[in-house]
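Engineer: Provided below for reference: sequence and predicted model.
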Amino acid sequence: MTTTPPEAPDSKAGNAPPAGVSCPRVTLDVMRKRAEFLAAARAKRQGTRTMMVQGRDRRDGDPGIRVGFTCSKKVGNAVARNRAKRRLRAVAREILPANGQAGWDYVLIGRAGETGQRPFDELRRDLSFALERLRAQG
């Protein structure tokens, strides 16, 4: 008879949210094409201490939110850039479905020395603040 160790994940849980937490049903797609990033670069932008957020209304009738992530070599070597992008992806998964606007594209750009080291709760606040400011810009 085999038993699973207590630290092993429960196979029944899957990716479901914890009990009592509701998740909005907004799709979050990742942008991969250069043209999509360039279109977002010509749109509204809002900077925070840890990231630059670019956002644009696609006006194509698709209610999903698309998001892209980028970090320049100013952020550091490949390890530092990948860490910053991982943190941006994690915060986007948490914040964008609830605070992002349906039908919009967002690009999150990491900042040197900040995105990789700043506490995660402050990253959340920064992204929420940037989204509020983008919405206020019209």
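Structural biologist: Thanks, I have the structure now.

Engineer: make it CA atoms for all contacts and neighbour counts henceforth
Structural biologist: Will do.

Engineer: A helix includes residue 90, no?
Structural biologist: Yes - secondary structure assignment places residue 90 in a helix (DSSP: H, G, I helix; E, B strand; the rest coil).

Engineer: low-confidence ranges in the chain?
Structural biologist: Flagging of the chain using pLDDT under 70 yields the residue ranges 1-26, 138.

Engineer: 50 - rerun?
Structural biologist: Segments of the chain classed as low confidence (criterion: pLDDT under 50) are 4-17.

Engineer: Tell me the buried residues in the strand or helix carrying residue 35?
Structural biologist: Secondary-structure assignment from DSSP states H and E places residue 35 in helix 34-41. Using 16 or more other C-alpha atoms under 10 Å as the test for burial, helix 34-41 gives 36, 37, 40, 41.

Engineer: now the helices for the chain?
Structural biologist: All helices of the chain, identified by DSSP state H, fall at 34-41, 78-99, 120-136.
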